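**Q** just to be clear, the model below is a prediction. Sequence and coordinates:
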Amino acid sequence: MALAIHFHEQSQPAPESSLRDEALAGLSCSPKWLSPKFFYDRRGSELFEKICQQPEYYLTRTEEGILREAVDDIARLSGPGIDLIEFGSGASRKVRLLLEALRPISYLGIDISEDFLLSSTQRLAADYPWLEVHAACSDFSQRLDLPEDFHSAHPLAFYPGSSIGNFTPAQARRFLGELHDLLPPGGGALIGVDLVKDRTTLEAAYNDRARATAAFNLNVLQRIRDELDSDIDPSRFEHHAFFNDAECRIEMHLVATEAQDVRIEGQSFHFAEGESLHTENSYKYSLESFCALARSAGFDCIGRWLDDDELFSVHYLQR
Ligand code: AVI
């Protein structure tokens, strides 16, 4: 039986039309580029869950360990009677680590992948019958706003997983500024941030031996083939991920294994052999550089937790 969740319709373009427009625009750029938000159709979201279980991808298990240890401190900082709002909620798994200690009145999951969002929030509602569960399908990378019919006097924003690293620092600053303006004075934001570390550990995390990350990256080409009028062939590209230390980011690319012309929606795009389509940046911060960014958006950094190896960090920001 499907459990009652409150689903909020958002007035945004359908995902297919933004994939069409952004694929045509991004493949016309030099170098070619496509936003990582298009990774997350149902299959991409499932592949991302698989990445999170890979031994090399330390981010998920490390953040979960930090949240387990810090949850009572987090509850003390947030106080009672909060509404928990998760951006990029995906499988709504990490939030489960917080629910018993925080006892929020309601939970709002916001994600770009509608059917994944609905099944995850329905499972959450089934497992936590005392919690009022809301869901909104939204591309908050464009503009951060809450559903018009969702009101909260005491919101706590939750943005785990270092997804903030998928924005450029300028976009992250804008996101944090919009989040700051959305929160009432005293409102909090709990943000997971991956830390800069040695190249070997970083590059292994994005080149797992099971090739889950490669499949995740290549799936975006399959989406273009399935959802648009296109003859693009994922088997003629390969996954490439490396640490760009000048920019302090992991870059993911899809590299053409041979010269080819690709047709998308009546337009033709040439790839030289070895030419890449840049699909994702994953910025890594130091504790200081992230707090400076948060402060520049108007927040106070009032809590911060790390694992013993200082791989990952969770920050409590307050407006
Ligand atoms: C969602 N995001 C934080 C992930 C990351 O690590 O940048 C996405 C990802 N890309 C490849 N592996 C995981």
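**A** Everything's here; your move.

**Q** from here on, just use CA atoms for contacts and neighbour counts.
**A** Noted.

**Q** and the pLDDT for the residue of the stretch 51-200 of the chain found nearest the ligand?
**A** With C-alpha to the nearest ligand atom as the measure, residue 163 is the residue of the stretch 51-200 of the chain nearest to the ligand, at 3.6 Å. What the model reports as pLDDT for residue 163 is 97.

**Q** which residues touch it?
**A** 88, 192-193, 282 (C-alpha atoms under 8 Å, 6 or more residues apart in numbering).

**Q** mind checking the SS state of residue 81?
**A** Assigned with DSSP: H, G, I helix; E, B strand; the rest coil, residue 81 falls in the coil class.

**Q** is residue 285 bridged to anything, and to what?
**A** Beta-bridge partners for residue 285, by DSSP bridges, are residue 195.

**Q** how close does it get to the ligand?
**A** Relative to the ligand, residue 285 is positioned 12 Å away (C-alpha to the nearest ligand atom, to the nearest Å).

**Q** from here on, call the first residue 629.
**A** Got it, the first residue is 629 from now on, which makes the last one we talked about residue 913.

**Q** surely that residue touches residue 823?
**A** Yes. Because the distance of 4.9 Å satisfies C-alpha atoms under 8 Å, residue 913 is recorded as touching residue 823.

**Q** quick one on the thing from earlier: which of the contacts of residue 791 fall within strands?
**A** 820-821, 910 (DSSP state E).

**Q** ok, now which ones touch the residue of the chain positioned farthest from its centre?
**A** Ranked by distance from the centre of the chain (C-alpha atoms, centre = their mean), the top residue is residue 887, with 32.2 Å. Applying C-alpha under 8 Å, 6+ apart to residue 887 gives the contacts 898-902.

**Q** check the gap between it and the ligand for me.
**A** Applying C-alpha to the nearest ligand atom to residue 887 and the ligand gives a distance of 26 Å.

**Q** sorry, back to before: in a markdown table: the ones in strands among the contacts of residue 791, plus distance to residue 688 and neighbour count.
**A** Shown next, in a markdown table, are the ones in strands among the contacts of residue 791 (distance: C-alpha to C-alpha, whole Å; neighbours: other C-alpha atoms under 10 Å):
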| residue | distance to residue 688 | neighbour count |
| --- | --- | --- |
| 820 | 10 | 27 |
| 821 | 11 | 27 |
| 910 | 14 | 22 |
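
**Q** can you narrow these to ones near the ligand?
**A** Filtering those for neighbours of the ligand using C-alpha under 6 Å from any ligand atom leaves residue 910.

**Q** tally of neighbours for residue 894?
**A** 8 (other C-alpha atoms under 10 Å).

**Q** chain neighbours aside, what residue packs nearest to residue 872?
**A** Residue nearest to residue 872 in three dimensions, not counting chain neighbours: residue 878, with 6.0 Å by C-alpha to C-alpha, 6 or more residues apart in numbering.

**Q** any idea which element that neighbour lies in?
**A** strand 877-884 (DSSP states H and E).

**Q** any part of that strand near the ligand?
**A** No. If you take C-alpha under 6 Å from any ligand atom as the test, strand 877-884 misses the ligand, and the best it gets is 7.4 Å.

**Q** what's the offset of that strand from the middle of its chain?
**A** Averaging C-alpha positions (C-alpha atoms, centre = their mean, to the nearest Å) puts strand 877-884 17 Å from its chain's average.
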